[in-house]
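Student: heads up, no residue letters with this:
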């Protein structure tokens, strides 16, 4: 329950950030109704289609099961959307990661916190508000 | 409960149709978490952004509260998406309606079943698979 709440809070926080940046956001309903599960949040502006998978996880690694990542990549490919993993680290904020930053390890895609800190992308770039690297 | 189930079944049916037509679909989670409620379904392809409000209603009229329609139109405007009302009539299938087909009556946007039957748009046109009117 505590873990669920943290995830729900991270989603809510990200929805609010995206909304303030002029994106319309939809939070995905529980699974079981779609032929293929959608990522947690879909954010749309006139120019951009973004899909976010939110993870609130206070650990040295983040693992995403192969099947989950591949289903979401397929969902995004059909949608013409970019997939971003939003890793919320308590008291450090979000690290925004592209799937390519992860490495296949056993039955998961994994990334270390250390690598995530150096691979994270500035939200302004993801949202299309910055064309080159600014202040991280 | 019976009414809820009919609505949920209509959503499921529409998700399946959209999926078969190469759209990725997200079903919106219950309200309360978004600054502005999203329509019931958001369907994306590489070219199109569509938002559907599903209504399963076996009556001579369909009414949508002003506030609900206006919030959804604003959501769609920010998203650069088209809003379509999908009115499922038992044993007759879906009527796909643009908001302009509705008339402001009191605190609702309303359309009669008779007008809806003549205003409904072919799904192929909505999905961008037909450039002119074909078989309805």
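Tutor: All right, it came through fine. Just so it is clear, the structure is predicted and the values come from calculations on it, not from any experiment.

Student: tell me the secondary structure for residue A:22?
Tutor: Of the three states, residue A:22 takes coil according to DSSP: H, G, I helix; E, B strand; the rest coil.

Student: contact residues of chain A facing chain B?
Tutor: A:8, A:11-12, A:15-16, A:19, A:22-30, A:33-36, A:38, A:42, A:44-47, A:49, A:75-76, A:78-81 (CB under 8 Å from any CB of the partner chain). The C-beta positions use only the backbone N, C-alpha and C, and glycine is treated the same way.

Student: redo that, cut-off 6 Å
Tutor: For chain A, the residues found near chain B under the criterion CB under 6 Å from any CB of the partner chain are A:12, A:15, A:19, A:24, A:26-29, A:33, A:35, A:38, A:42, A:44, A:46, A:75, A:78-80.

Student: restricted to helices, list the residues you listed.
Tutor: Among those, the members found in helices (DSSP state H) are A:12, A:15, A:19, A:75, A:78, A:79.

Student: okay, now the third one: neighbour count?
Tutor: Using other CB atoms under 10 Å in any protein chain shown, residue A:19 has 16 other residues around it.

Student: got it, and the fourth one?
Tutor: As a burial measure, residue A:75 scores 23 neighbours (other CB under 10 Å).

Student: now it: closest residue in space that isn't a chain neighbour?
Tutor: Distances taken as CB to CB, 6 or more residues apart in numbering or on different chains place residue B:24 nearest to residue A:75, at 4.8 Å, with adjacent residues excluded.

Student: tell me the contacts of that neighbour?
Tutor: A:75, A:78, A:79, B:44 (CB atoms under 6 Å, 6 or more residues apart in numbering or on different chains).

Student: picking that back up, buried subset of the residues of chain A next to chain B?
Tutor: Buried members of the residues of chain A next to chain B, scored by 16 or more other CB atoms under 10 Å in any protein chain shown, are A:15, A:19, A:24, A:26-29, A:38, A:42, A:44, A:75, A:78-79.

Student: any regions of chain A where pLDDT drops low?
Tutor: Applying pLDDT under 70 to chain A flags residues A:1-5, A:31-34, A:131-136.

Student: and with 50 instead?
Tutor: For chain A, applying pLDDT under 50 flags the ranges A:1, A:135-136.

Student: that one: strands as residue ranges?
Tutor: Secondary structure of chain A (DSSP state E): strands at A:24-27, A:41-44, A:49-56, A:61-65, A:82-89, A:93-97, A:103-105, A:108-112.

Student: nearest to residue A:120 among these would be which one?
Tutor: Nearest to residue A:120, of all those, is strand A:93-97, at 4.1 Å by CB to CB.

Student: check contacts around the residue nearest to the spatial centre of chain A.
Tutor: Note on chain A: the residue nearest the mean C-alpha position is residue A:85, at 2.6 Å, using CA atoms, centre = their mean. Counting by CB under 6 Å, 6+ apart, residue A:85 touches A:53, A:97.

Student: against residue A:25, how distant is it?
Tutor: Using CB to CB, to the nearest Å, one obtains 17 Å as the distance from residue A:85 to residue A:25.

Student: cool, and residue A:61?
Tutor: From residue A:61 to residue A:25 the distance is 28 Å (CB to CB).

Student: name the nearest residue to residue A:114, sequence neighbours excluded.
Tutor: Nearest non-adjacent residue to residue A:114 (CB to CB, 6+ apart): residue A:60, at 7.9 Å.

Student: pretty sure the one you found contacts residue A:113?
Tutor: Yes - judged on CB atoms under 6 Å, residue A:60 makes contact with residue A:113 at a distance of 5.1 Å.

Student: the two - which one has more neighbours?
Tutor: Counted by other CB under 10 Å, residue A:60 and residue A:113 do not tie: residue A:113 has more neighbours, with 16 against 9.

Student: next up, the contacts around that one.
Tutor: Applying CB under 6 Å, 6+ apart, the residues contacting residue A:113 are residue A:60.

Student: the one 10 residues further on too?
Tutor: Listed by CB under 6 Å, 6+ apart, the contact set of residue A:123 reads residue A:96.

Student: re earlier: phi, psi for the residue nearest to residue A:114 please.
Tutor: Main-chain dihedrals, residue A:60, degrees, to the nearest 10: phi -80, psi -20.

Student: gap between the closest residue in space to residue A:112 that isn't next to it in sequence and chain B?
Tutor: Nearest residue to residue A:112, sequence neighbours excluded (CB to CB, 6+ apart): residue A:61, at 5.5 Å. According to CB to the nearest CB, to the nearest Å, residue A:61 stands 28 Å off from chain B.
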